[in-house]
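J.: Sharing a sequence plus its predicted fold:
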Protein chains: 2
Amino acid sequence: MALIVQKYGGTSVANLNRIHEVAKRVARNVDRGDDIIVVLSAMSGATDNLINMANQITESPERRELDVLMATGEQTTAALLAITLISMGYPAQSLLGYQAEVRTNGDHCNARIIDIGAHRITDLIRQRKIVVVAGFQGCDSDGNITTLGRGGSDTTAVAIAAAAKADLCEIYTDVDGIFTTDPNICKKAGKLDFISYDEILEMASLGAKVLQIRSVEFAKKYNVPVHVRSSFNEKEGTMVVNEYDGMEKIVVSGVTCNKNQACITLRKVPDQPGVSAKIFTPLAKEGIQVDMIIQNTRSNGMTDVTFTVARLDFKRAVDISERIVKEIGGETVRTAHEIAKVSVTGVGMKNHSGVAATMFDALAAENINIRLISTSEIRISCVVLEKYAELAVRVLHSAFGLDQKSEFNGADA
Amino acid sequence: MALIVQKYGGTSVANLNRIHEVAKRVARNVDRGDDIIVVLSAMSGATDNLINMANQITESPERRELDVLMATGEQTTAALLAITLISMGYPAQSLLGYQAEVRTNGDHCNARIIDIGAHRITDLIRQRKIVVVAGFQGCDSDGNITTLGRGGSDTTAVAIAAAAKADLCEIYTDVDGIFTTDPNICKKAGKLDFISYDEILEMASLGAKVLQIRSVEFAKKYNVPVHVRSSFNEKEGTMVVNEYDGMEKIVVSGVTCNKNQACITLRKVPDQPGVSAKIFTPLAKEGIQVDMIIQNTRSNGMTDVTFTVARLDFKRAVDISERIVKEIGGETVRTAHEIAKVSVTGVGMKNHSGVAATMFDALAAENINIRLISTSEIRISCVVLEKYAELAVRVLHSAFGLDQKSEFNGADA
């Protein structure tokens, strides 16, 4: 007898057969006595199709209207699942973003949830109805439809779980859970039974693509236990929680890799107060997100400033940098775009020295040159040439003993 | 400088090219200084596709959820047109049913508009924005999405025209206007320049399919002038108004034909008070709509009661009739389903005798036997064998002088 939020991603509702499978899974939970709130994505590909349609009209469709268009995707799956459940004899009702009172700011296509008034959901649960919420969408204070950005349905699910005081938020996807690394890169990758909010926050921002990062921030803030699992089988997935037993013993819980990176260096710029601001303010104004920033001291009052950006923004960032380097009296701009960022993450590394040394040694043993290094309390990232990225991931996976874990989890699964 | 509501049907927004054509037409009107409220249908076929999808799940999808599903069709076209207009430099904003405050009762899939709070529309018009309203949809007092039934976008358009006090409601479709009869049946059919609300109410209910009948009721009640015209050219269409010059001189303005009819006779039932109620109450309870009802006196305290129903309901109606005829002590049930109803309509016939005689003579001259007759103040309908339907239409079109009108209008067009 628990209140459970179940979120199903695009591949889990890709067609009517898959939606029927989701309905059967929901029904099994209801039969067990649980109250279920379902949060749905659009059918896989549907959102892209809608965006493509808008892009046939114009390269930059107006964002308020794009939200109206995109919101039809989740509206469709929510209605279809409700119809399916009702036809199976299970009382259900769909709610769109504004009906579920998912209130957001007015930042169209990338809105943030401000609050959720769970009255209507709670009322329906009290009537013993299955509530089917269209994910990804909300509405602003003027009643305009907004959407939450890629992966936004995860955030809808966790936010609703928090608002409705659910016991658990299950995220159903097409993989068995969260892995120690990408199984496509490293065959010895293993499913994690547990991971902490903090670890997944570092991993998600590094390209693990498991959960929308804002959903994890929400889960952490409201302490919502999240269970990431597959909708294609009954296996236990990965529990994302604040703390778990033995958490501090596992030094590194995952290795991630982000190839969508490019690197820009401003050479020999004056080593004076205010120079960094002159470099990064114009980039920020153009909406370019800078990831790593490294500044090395140099002689003669000069320094090199290096930063990484997403490859999508590379050309624009180079153009701006060329302008800035002249303005501030620097020498030149050097670029590298065939690079990748490889990271190891783990809450345990806070209490263990030598993690960085192990990482650098392992890479050196394979003659992989490290171009840049950056660290957080629970993560170490190295930029290497892209061609070494997969090798680096496998080497690190092995060096931190994750291959062992993989086999253990493999038997468990 | 007028406020004009323009409604575009499914074929007018069938794809992105057609939507672009609509945008250009709207833009021309705006350039002329008019304020425009656009009401859109879904792309042609879209609503049927959505219903088919729901029917793949179950034969009778729950109606509240079916409305949520169907409403995506108009949401899509409204967003796409707004994106197109904005990309052309014309400020526009889409409004869904609930945002446009189209308030309906809770009769899902066939809801009736209760009222329209035009505040938001009026605000946007004041900001000189083109308002793009998703037709066909509204919301009930609990905020649930409702739809208005087939052709409901017409009613949305006329109701919004009434609420916003528009000067004109233009209904854009894929034909040039309202014709004296179906041009597919009679090549001499001509476009009418004017028609009265009352005439079109009789013609629409007889299968003319030009406008949703409720939209005409709305237009009549609030005296909204409606211009039915083609979105594929610039020709003047048909003005639907309360009164027009020379209205009473035109005896018959149109000939219509409805083949979707079947006929049931309960033979030799007791000619007593209460018998009719015993026949038609059970039919009404089953949701079967009875069109014509004819009762002839017979001898010996017995009578025959004949009625027509839509062919879709024929089998159920026969089953119920078989039961009733036993209960009330009648003799037998006779049926005919290969029949059609041919009607002539015209406000002018109120003041002209001999219309019925002309009609019967014209049919008799072609040896077309009349099975049933029913009349209203401005209409005479005859049921004939279906195989004679087209011939009957052509004969009557000619007998009432409409072929002449056709040629005149043809030159005009």
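T.: Sure thing, it's come through.

J.: Could the C-alpha coordinates of the helix or strand harbouring residue A:324 be exported in CSV?
T.: Applying DSSP states H and E as the criterion places residue A:324 in helix A:314-327. In CSV, the C-alpha atoms belonging to helix A:314-327 read as follows (Å, rounded to 0.1, in the frame of the first residue of the first chain):
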residue,chain,number,x,y,z
PHE,A,314,32.5,25.9,-30.9
LYS,A,315,32.4,28.2,-34.0
ARG,A,316,30.6,31.0,-32.3
ALA,A,317,32.9,30.7,-29.2
VAL,A,318,36.0,30.9,-31.4
ASP,A,319,34.7,34.0,-33.2
ILE,A,320,34.1,35.7,-29.9
SER,A,321,37.5,34.6,-28.6
GLU,A,322,39.3,36.0,-31.6
ARG,A,323,37.7,39.4,-30.9
ILE,A,324,38.4,39.3,-27.2
VAL,A,325,42.0,38.3,-27.5
LYS,A,326,42.7,41.4,-29.5
GLU,A,327,40.7,43.7,-27.1
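
J.: list the helices and strands it packs on?
T.: Judged by 3 or more Cβ pairs under 8 Å, 6 or more residues apart in numbering or on different chains; DSSP states H and E, the packing partners of helix A:314-327 are strand A:254-270, helix A:275-285, strand A:332-345. Backbone N, C-alpha and C define where each C-beta goes, glycine included.

J.: Could you check that helix and say which residues are buried?
T.: Within helix A:314-327, the residues that qualify as buried are A:314, A:317-318, A:320-321, A:324-325, counting by 16 or more other Cβ atoms under 10 Å in any protein chain shown.

J.: And the contacts of it?
T.: Outside helix A:314-327, the residues that touch it by Cβ atoms under 8 Å, 6 or more residues apart in numbering or on different chains are A:262, A:264, A:266-267, A:269, A:278-279, A:282-283, A:286, A:288, A:309, A:330-333, A:335, A:337.

J.: before we move on, the earlier item: and of the helices and strands packed on helix A:314-327, who's closest to chain B?
T.: Evaluated over the helices and strands packed on helix A:314-327, closeness to chain B peaks at helix A:275-285, with 24.2 Å, by Cβ to the nearest Cβ.

J.: want to throw the helices and strands packed on helix A:314-327 into CSV with distance to chain B and mean neighbour count?
T.: Below are these laid out as CSV (distance: least, Cβ to the nearest Cβ, whole Å; neighbours: other Cβ atoms under 10 Å in any protein chain shown):
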stretch, distance to chain B, mean neighbour count
strand A:254-270, 28, 21
helix A:275-285, 24, 15
strand A:332-345, 32, 21
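
J.: Same list, those, but as a markdown table with mean pLDDT please.
T.: Output for those, formatted as a markdown table (pLDDT from 0 to 100):
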| stretch | mean pLDDT |
| --- | --- |
| strand A:254-270 | 91 |
| helix A:275-285 | 88 |
| strand A:332-345 | 93 |
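
J.: Can you get me the centre-to-centre distance for stretch A:4-23 and its chain?
T.: Centroid displacement of stretch A:4-23 relative to its chain, using Cα atoms, centre = their mean, to the nearest Å, is 20 Å.

J.: Output it as PDB, nothing but the C-alphas.
T.: What follows is stretch A:4-23, C-alpha atoms only, in PDB (Å, rounded to 0.1, in the frame of the first residue of the first chain):
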ATOM      1  CA  ILE A   4       4.200   5.400  -6.400                       C
ATOM      2  CA  VAL A   5       5.000   7.700  -9.300                       C
ATOM      3  CA  GLN A   6       5.900   5.800 -12.400                       C
ATOM      4  CA  LYS A   7       7.500   7.600 -15.300                       C
ATOM      5  CA  TYR A   8       7.700   5.900 -18.700                       C
ATOM      6  CA  GLY A   9      10.100   7.200 -21.300                       C
ATOM      7  CA  GLY A  10       9.500   7.500 -25.100                       C
ATOM      8  CA  THR A  11      10.600   3.900 -26.000                       C
ATOM      9  CA  SER A  12       8.300   2.600 -23.300                       C
ATOM     10  CA  VAL A  13       5.300   4.200 -25.000                       C
ATOM     11  CA  ALA A  14       6.600   4.000 -28.600                       C
ATOM     12  CA  ASN A  15       3.400   2.400 -30.000                       C
ATOM     13  CA  LEU A  16       0.000   1.000 -28.900                       C
ATOM     14  CA  ASN A  17       1.500  -2.400 -28.000                       C
ATOM     15  CA  ARG A  18       4.100  -0.800 -25.800                       C
ATOM     16  CA  ILE A  19       1.400   1.400 -24.200                       C
ATOM     17  CA  HIS A  20      -0.600  -1.800 -23.500                       C
ATOM     18  CA  GLU A  21       2.400  -3.300 -21.800                       C
ATOM     19  CA  VAL A  22       2.700  -0.200 -19.600                       C
ATOM     20  CA  ALA A  23      -1.000  -0.400 -18.800                       C
END
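
J.: This completes my enquiry, with thanks.
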